[in-house]
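Undergrad: Model the following, please.
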Amino acid sequence: MLTILSGGTGTPKLIQGFSRLLKPEDFAVIANTGEDTIVSDLQVCPDIDTVMYTLAGIVDEDKWYGIRGDTFFCHEMLKRLGQAELLRIGDRDRATILYRTTMLKQGKKLSEVTREMCEKLGVHTNVLPMTNDKVQTLIHTEAGPLPFHEFLIARGASDKVLGVSFEGTENAKPAPGVIEALQTAKLILIGPSNPVTSIGPILAIREIREFLTQNRDKVLAVSPIIGRKPVSGPAGILMQGVGQEVTPRGVAQMYRDVAASILIDENDDQFAQSIMELGMRVMFADLMMPDHAARVKLARAILQLPLADIKLPTV
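TA: Just a heads-up that it's a prediction; the model follows:
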């Protein structure tokens, strides 16, 4: 059993690779909800949806957000009527979000709705929100605290980052099934998502962090930083904002308490010694995932690591 902690970009690419190698029931995904937001009174869960769409085979692989080939008639009409939306939501994607919002208003929990939506989309892997409780990632800047999407999209990540907080995590509980997925896993993988705002909210939930700390020998982190740059997104700006160097060592520093091992790019051996001095094992692979073949290759390499101990089935 493999359990993956995921944000919404880098890790879903790797999840796509695992989906080609493992049976759906042989892995689970715990998705970040710290970036969830309300758009036009609809509950948007970007990271859950990207994972779900990836496993359903319909994700837009150009953006790793939304549904491939979607149209935007509703978004454009709302704009024409004077209701601008911060996120550009496609029509089919909006239907998913509308369904979720309706079910939540009827009293269902996010984990229940996610399970139902996965079933309806033919996704048999266990996709779990990190919590059913409200958690909001706030980026603290000289302009004040900003919700993640306002910082990234509305303001183009142009504000100097002074810190990051996860409002609500002090009282948030893991969603049903989350701890069980961690307990039954032979390998827990912290995916190559932004360590600050994609993985950070998951680790900020006390019970999740405590479990990983107590079981760090079966936790492997995959670096989203190659050399001194993130593969994509604002990870570099955010890591600097929380006082970490933008290197694989900086990633290791953030995960050292919850992961005993880290996978870094095969060309980043210059960081190995300093990472080992943090008390972590260092492993190497080609971390670039430009296409399906590369994603499967990396997933296979992870499953063949000595600490994984996961047999590859014929699927």
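
Undergrad: Phi, psi for the nearest residue to residue 165 once chain neighbours are set aside please.
TA: The spatially closest residue to residue 165, leaving aside those adjacent along the chain, is residue 138, at 5.0 Å (Cβ to Cβ, 6 or more residues apart in numbering). Glycine gets a C-beta too; all of them are placed from N, C-alpha and C. Main-chain torsions, residue 138, degrees, to the nearest 10: phi -120, psi 130.

Undergrad: isn't residue 138 right up against residue 145?
TA: Yes. Applying Cβ atoms under 8 Å, one finds residue 138 in contact with residue 145, separated by 4.4 Å.

Undergrad: higher neighbour count, the two?
TA: residue 138 (19 against 16; other Cβ atoms under 10 Å).

Undergrad: So for the more buried one, what pLDDT did the model give?
TA: Reported pLDDT at residue 138 in the predicted model: 97.

Undergrad: show me what contacts it?
TA: 145-148, 164-167 (Cβ atoms under 8 Å, 6 or more residues apart in numbering).

Undergrad: any idea how far residue 278 is from residue 80?
TA: Applying Cβ to Cβ, to the nearest Å, the value for residue 80 to residue 278 is 54 Å.

Undergrad: more crowded one of the two?
TA: Comparing residue 80 with residue 278 by other Cβ under 10 Å, the one with more neighbours is residue 278, at 14 against 8.

Undergrad: ok so, going back, quick one: common contacting residues for residue 138 and residue 145?
TA: With Cβ under 8 Å, 6+ apart, residue 138 and residue 145 have common neighbours residue 165.

Undergrad: Contacts only, for residue 208.
TA: 30, 130, 174, 178-179, 182, 202.

Undergrad: With residue 118 instead?
TA: Contacts of residue 118 by Cβ under 8 Å, 6+ apart are 52, 55-56, 124-125, 127.

Undergrad: Over to residue 247?
TA: Per Cβ under 8 Å, 6+ apart, neighbours of residue 247: 225, 227-228, 271.

Undergrad: want to try CSV for these, with neighbour count as columns?
TA: As requested, the contacts of residue 247 are exported to CSV (neighbours: other Cβ atoms under 10 Å):
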residue, neighbour count
225, 28
227, 14
228, 13
271, 23
